[in-house]
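**Student:** What follows is a predicted structure for the sequence shown.
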Amino acid sequence: MNINVKEARNQFASLLNRVQEGDEVSILRHGKEVARLIPPQRGVRHLPSLKAFRSTIRMKGESLSSLVIRARGEERC
């Protein structure tokens, strides 16, 4: 649903009711969208644990710690 700013001001309570029912409302100023009322997302998205994420990554080459230790050793020579 599209509505201009003046109408949105006058009908704000009814717009919130529509959004609560699942509708989206675009608020227009001079025909251009300046705001959008959308219903909140239901439920919480859980991110995977860091341990689970790390297990999906395949390491290529030498570990960073090994590279740093080797570079420090080369600087001393």
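**Tutor:** Thanks, I have the structure now.

**Student:** What segments of the protein are strands?
**Tutor:** 2-4, 25-29, 32-37 (DSSP state E).

**Student:** could you dump the ones you listed to CSV with mean pLDDT?
**Tutor:** Shown next, in CSV, are these (pLDDT from 0 to 100):
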stretch, mean pLDDT
strand 2-4, 97
strand 25-29, 98
strand 32-37, 97
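
**Student:** my read: residue 39 touches residue 20, true?
**Tutor:** Yes. Counting by Cβ atoms under 8 Å, residue 39 touches residue 20, with 6.7 Å between them. All C-beta atoms are positioned from the backbone trio N, CA, C, and that covers glycine.

**Student:** Go through this protein and flag its longest helix.
**Tutor:** Longest helix in the chain by number of residues, with DSSP state H as the criterion: helix 64-76.

**Student:** Could you give the average pLDDT over that helix?
**Tutor:** Averaged over helix 64-76, pLDDT sits at 89.

**Student:** Put the alpha carbons of that helix into PDB.
**Tutor:** Output of helix 64-76 as PDB, limited to C-alpha atoms (Å, rounded to 0.1, in the frame of the first residue of the first chain):
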ATOM      1  CA  LEU A  64      49.300 -17.800  10.200                       C
ATOM      2  CA  SER A  65      51.100 -18.500  13.500                       C
ATOM      3  CA  SER A  66      53.700 -20.600  11.600                       C
ATOM      4  CA  LEU A  67      54.300 -17.900   9.100                       C
ATOM      5  CA  VAL A  68      54.700 -15.200  11.800                       C
ATOM      6  CA  ILE A  69      57.200 -17.400  13.800                       C
ATOM      7  CA  ARG A  70      59.200 -18.100  10.600                       C
ATOM      8  CA  ALA A  71      59.200 -14.400   9.600                       C
ATOM      9  CA  ARG A  72      60.400 -13.400  13.100                       C
ATOM     10  CA  GLY A  73      63.200 -15.900  12.900                       C
ATOM     11  CA  GLU A  74      64.300 -14.600   9.400                       C
ATOM     12  CA  GLU A  75      64.400 -11.000  10.700                       C
ATOM     13  CA  ARG A  76      66.900 -12.000  13.400                       C
END
